[in-house]
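1. With the sequence up front, the predicted model follows.
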Amino acid sequence: MMSPDFDPDAREKLVRLLHGKLGDSDSFDNFRIALEELYNFRLDRRSLPPEEQGALEELFDTVAYYSPLIYERTKIPIYRSEDDVVAAVAKARRVFSKDPATFNLRPPEKALLRAVVAKHRPDLMELVESVGTKPLSDRERESLINSLANARLNAEARGSATDEQLGSQLGRLIESIKKLLRQ
């Protein structure tokens, strides 16, 4: 039973955090703050499978000892570098992304998906909004990919330059989704 203090969406927030971009020291600090908030206060870690618990604990330990200062890391060997954090994030991302039915699209891809589905299959809009937030069943994934494939064929059949460009974008989107589902 979850405590009222736990966030029921904490795991999904963690997955989104893991798929964010790390670049400069500010983004590492922001990542650390967000991870510590989720790990310490929002996530019911007991609800995670053991493999995810282990990966999260390892990530947390790495992030907790992160220091952007090289001289500190040379004097205090337990301190971790950006490379250590990136490696720990990559490992946790692999563990938390084991469910191929859950995948995240970049904002432009999700916008294109929304536009196409709204025009061609409005009955699938609820499904589109769930992309990246919950696992999709085989039937849901198949419906989504088939809808995109049909929209691509329709666009290419119309033959205008704009439609050909849309068809090309849809083709890339379909391949992105299929690739994400295979990971």
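-> Received, thanks.
2. The helix or strand encompassing Ser168 - contacts with which helices or strands?
-> Assignment of secondary structure by DSSP states H and E places Ser168 within helix 161-182. Helix 161-182 sits against helix 107-120, helix 138-158, with contacts defined as 3 or more CB pairs under 8 Å, 6 or more residues apart in numbering; DSSP states H and E. C-beta: built from backbone N, CA, C; applies to glycine.
3. so how far is it off the chain centroid?
-> Taking the mean of its C-alpha atoms, helix 161-182 sits 19 Å from the chain's own mean (CA atoms, centre = their mean, to the nearest Å).
4. Which residues belonging to it are considered buried?
-> 166-167, 169-170, 173-174, 177, 180 (16 or more other CB atoms under 10 Å).
5. quick check: angle from that helix to helix 107-120?
-> 110 degrees (axes from the mean of the first three to the mean of the last three CA atoms, to 10 degrees).
6. Restrict helix 161-182 to CA atoms and write it as PDB.
-> What follows is helix 161-182, C-alpha atoms only, in PDB (Å, rounded to 0.1, in the frame of the first residue of the first chain):
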ATOM      1  CA  ALA A 161       5.600  18.400 -52.300                       C
ATOM      2  CA  THR A 162       4.100  19.200 -48.900                       C
ATOM      3  CA  ASP A 163       2.400  15.800 -48.800                       C
ATOM      4  CA  GLU A 164       5.700  14.000 -49.900                       C
ATOM      5  CA  GLN A 165       7.500  15.800 -47.000                       C
ATOM      6  CA  LEU A 166       4.700  14.700 -44.600                       C
ATOM      7  CA  GLY A 167       5.000  11.200 -45.900                       C
ATOM      8  CA  SER A 168       8.800  11.300 -45.300                       C
ATOM      9  CA  GLN A 169       8.300  12.600 -41.800                       C
ATOM     10  CA  LEU A 170       5.800   9.900 -41.000                       C
ATOM     11  CA  GLY A 171       8.100   7.300 -42.300                       C
ATOM     12  CA  ARG A 172      10.800   8.500 -40.000                       C
ATOM     13  CA  LEU A 173       8.300   8.600 -37.100                       C
ATOM     14  CA  ILE A 174       7.200   5.100 -37.800                       C
ATOM     15  CA  GLU A 175      10.800   3.900 -37.800                       C
ATOM     16  CA  SER A 176      11.600   5.800 -34.600                       C
ATOM     17  CA  ILE A 177       8.600   4.100 -32.800                       C
ATOM     18  CA  LYS A 178       9.600   0.700 -34.100                       C
ATOM     19  CA  LYS A 179      13.200   1.200 -33.000                       C
ATOM     20  CA  LEU A 180      12.100   2.400 -29.500                       C
ATOM     21  CA  LEU A 181       9.900  -0.700 -29.200                       C
ATOM     22  CA  ARG A 182      12.800  -3.000 -30.100                       C
END
